[in-house]
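> Below: sequence and its predicted model.
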Amino acid sequence: MNPWEYQIDYGAADAMYFKANYPNNVYWGGGSPCPGNHSFLQVNGQDEDWGPFSDGETNHTYTIHRAGNGVAVTFQIVDWNDGNYTNNECHIDVYIYLDYVVGGRVADWTGQLVAYFAFSGAVLVGAVGVPTVKRLRLLSG
C-alpha cells in the first residue's frame, strides 16, 4: 500500500503507524504508533489493532480476519495527528478476501474485492458489502 500523507511533504501514516519527516518512500526505518492507541484506518467506526509495524519490505500491509455477516462493512481513515483533512493526500487500498474450507482446510480464494479510498479534503468514509462466509465441502463419489 502507499502510506497516505497527513501533511503533504511532511508526515505519512498507514493503517496504524505514522512517520514525521516522511522520507517519501515505503521504507521508513520504523514508525510510531497512532496517537492515543487509535488506528488511522477504522472498521465500522472502531479502532483496529492492525498488528506490528510493517515497513517497506512488506509494503505497509496489515491483515485482520473477520467472518462476514452479509451486511456492509465501513472503513474510515481518521487523521489523529492534526485533524486537518485539507492537507492530506494519497490513498489506502483495502483488499477483502473470502476464504473457504475444502476437506477441512482453508483453500485459496479465487478473487478479491478492492476498495480504494482517496482523500478529497473531507472526512473519509467508505462502505463495502461483504458476503457471508460460506463453507464449501468437496465430496467424492
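Noted; the coordinates are in hand.
> CA atoms for contacts and neighbours, from now on please.
OK.
> and Asp93, what helix or strand is that in?
Following DSSP states H and E, one finds Asp93 within strand 91-96.
> Please name every helix or strand in contact with that strand.
Applying 3 or more Cα pairs under 8 Å, 6 or more residues apart in numbering; DSSP states H and E, one finds that strand 91-96 contacts strand 113-118.
> looking at the chain, which helix or strand is least sure?
strand 124-129 (a mean of 43; mean pLDDT, DSSP states H and E).
> Give me the pLDDT value at Asn69.
Asn69 is assigned a predicted lDDT (pLDDT) of 74.
> where does the chain dip in pLDDT?
1-2, 98-141 (pLDDT under 70).
> Now do the strands for it: every range, in order, please.
For the chain, the strands defined by DSSP state E occupy 4-7, 11-13, 17-19, 32-33, 41-43, 72-77, 91-96, 100-102, 105-107, 113-118, 124-129.
> Okay, now the sheet partners of the fourth one, with direction.
With DSSP bridges as the test, strand 32-33 is paired with strand 17-19 (antiparallel).
> Can you pull out the residues in contact with the partner strand?
Strand 17-19 has contacts (Cα atoms under 8 Å, 6 or more residues apart in numbering) with 11-13, 28, 30-34, 39-40, 53.
> Nothing else from me, thank you.
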